[in-house]
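Participant: Sequence first, predicted coordinates after that:
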Amino acid sequence: MNEMILKFPARSENEIFARNAVAAFALPLNPSLSELSDVKTAVSEAVTNCIVHGYRGRDGWITVHCRSEGGRLDVEVVDEGRGIHDLERALQPFFTTLPGEERSGMGFTIMQTFMTDFSVESEEGSGTKVRMSKDFGQKAERNAG
């Protein structure tokens, strides 16, 4: 097993850092370019949600915790921001709390689609934790069959 923890300020310029750090961490699992792109996109969506929705322009921190073992990458993206008032509704495609800012409301749907496993925990006023996993190569083929 391998593991890493990143903690960085909730600023938009750090989204690129987070996605590239997680992608570099995943490289020993020998992902295809498509699988790596899926992970990068999902991490970008999770970090952007923290910045845009969790903190809404306020200062705060985002923690990304990754583990890899046996062809599987586990990623947690955590903020200590506003939390989600209605998680069930927030998980619906096209739902957004910021429609005037041209948000598509597809962040959670993209994460769920691009990763093998996906879950969200949130408490209003205490923040949100997104857990995602991706199976690579032979492990992904076994799980698909």
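Facilitator: Yep, that arrived.

Participant: pLDDT on the host helix or strand of Ala46, on average?
Facilitator: Element membership of Ala46 [criterion: DSSP states H and E] is helix 33-49. The pLDDT scores in helix 33-49 average 96.

Participant: What lies in contact with the next helix or strand after it?
Facilitator: Going down the chain from helix 33-49, the next helix or strand is strand 61-69, by DSSP H and E. Residues from elsewhere that reach strand 61-69, judged by CB atoms under 8 Å, 6 or more residues apart in numbering: 1-10, 14, 18, 21-22, 25-26, 28-29, 43, 47, 50-51, 73-80. From N, CA and C alone the C-beta is placed, and that goes for glycine too.

Participant: need the next SSE after strand 61-69, C-terminal direction.
Facilitator: Next along the chain after strand 61-69, taking DSSP H and E as the criterion, comes strand 72-79.

Participant: what packs against the very next helix or strand once past that next one?
Facilitator: Per DSSP H and E, the first helix or strand lying C-terminal to strand 72-79 is helix 87-90. Other helices and strands packing on helix 87-90, by 3 or more CB pairs under 8 Å, 6 or more residues apart in numbering; DSSP states H and E, are strand 117-123.
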